[in-house]
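In: show me how the following folds:
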Amino acid sequence: MERAPLLTFSHLRWNSHPARPQQVMTRLGASRPVLYVEEPLLTDGGPWLEIVPVDHNIRVARPYVPTPMAGLSFGVEQQATVASLLRGQLERDGWRQYAAWIYAPSAVRVARDLHPLAIFYDCVETLAHDREPDSEILERERELLAVADAVFTADPDVHREMCARHPFVRLFSTTPGTTERVDSVADPVLRARRLAISNDITRRMNDIVHYLADALTPVDSPLGGAASALRGWA
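Out: Predicted coordinates for the structure are as follows:
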């Protein structure tokens, strides 16, 4: 079965210290194409999009926008330009159906402009701390929670907060301890524990992968049931 590609919007550069976005996308990229969109960079010239292959099935997209568009990444000054750049790339790639996976809430309007099959919010931190209630980033997160089909978290405290704000939230961890190569652990008890944790993460990730694959069949399948399709995942 054809697997739905992923259009991922992240606040982290792919070549930064490996963190949750790279860990999750590497797993999902094993079975589908991933276009990992980094925050826009400023340029003295016109807008353009750099595409860099970085791993199996994974390419990084780096939008460049004119310096006068400086502001919140993916914000109001940049969103139309970034959406146009990405739309052109998706057309060149032949991507007609895909899901959006968002780490950067500021990118929600760009994602919606591209009409993905489904929108997933992978929330890695609580944004409300040390921010004004009417800040643009918090407004974008509220918009994202209103349109997201599902929300994923890695931290129990963030999970509790998101459960109060969205009807379908699931917790899965990708801590450094769980991503270490199991065969590099000498102690047999610790190795068995690491293997069990790794297998559990893989199982949970596979459930997401299967849902995304099903989203393509049939083409006109309504996506309003995205959350119900995942309710068996606990």
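In: OK, contacts around I51?
Out: I51 makes contacts with 59-62, 89, as judged by Cβ atoms under 8 Å, 6 or more residues apart in numbering. (Glycine included, C-beta is placed from N, CA and C.)
In: and the gap between it and A61?
Out: Distance of I51 to A61, given as Cβ to Cβ, to the nearest Å: 6 Å.
In: common neighbours of these two, please.
Out: The contact sets of I51 and A61 overlap at Q89 (Cβ under 8 Å, 6+ apart).
In: what's the first-to-last distance across stretch 39-48?
Out: Start-to-end span of stretch 39-48 (Cα to Cα, to the nearest Å) is 13 Å.
In: buried residues in it?
Out: 39-40, 47 (16 or more other Cβ atoms under 10 Å).
In: what residues are bridge-paired with Y64?
Out: L41, W48 (DSSP bridges).
In: wouldn't it be in contact with E38 here?
Out: No - the criterion here is Cβ atoms under 8 Å, and Y64 misses it with E38 at 10.7 Å.
In: which residues of this structure score low on pLDDT?
Out: By pLDDT under 70, the weakly predicted segments of the chain are 1-3, 128-134, 174-234.
In: of Y64 and E38, who's got more company?
Out: Per other Cβ atoms under 10 Å, whichever of Y64 and E38 has more neighbours is E38, with 23 against 19.
In: how close does the more buried one sit to R62?
Out: Taken as Cβ to Cβ, the span from E38 to R62 is 5 Å.
In: this structure: strands as residue ranges?
Out: Under the criterion DSSP state E, strands of the chain are mapped to 6-9, 34-37, 41-43, 48-55, 58-66, 99-102, 119-123, 150-153, 169-171.
In: what is the third one packed up against?
Out: Counting contacts by 3 or more Cβ pairs under 8 Å, 6 or more residues apart in numbering; DSSP states H and E, strand 41-43 is packed against strand 58-66.
In: packing partners of the strand it packs on?
Out: strand 34-37, strand 41-43, strand 48-55, helix 79-93.
In: hmm, who's touching the second one?
Out: Yep, that's strand 41-43 we're talking about. Applying Cβ under 8 Å, 6+ apart, the external contacts of strand 41-43 come out as 62-67, 69-70.
In: could the residues you listed go into a markdown table alongside distance to Y103?
Out: A markdown table is the format used below for the contacts of strand 41-43 (distance: Cβ to Cβ, whole Å):
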| residue | distance to Y103 |
| --- | --- |
| R62 | 15 |
| P63 | 16 |
| Y64 | 20 |
| V65 | 19 |
| P66 | 25 |
| T67 | 25 |
| M69 | 21 |
| A70 | 21 |
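In: mind giving me the PyMOL select for these, buried ones only?
Out: To isolate the buried members of the contacts of strand 41-43 in PyMOL, using 16+ other Cβ under 10 Å:
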select buried, resi 62+63+64+65+69
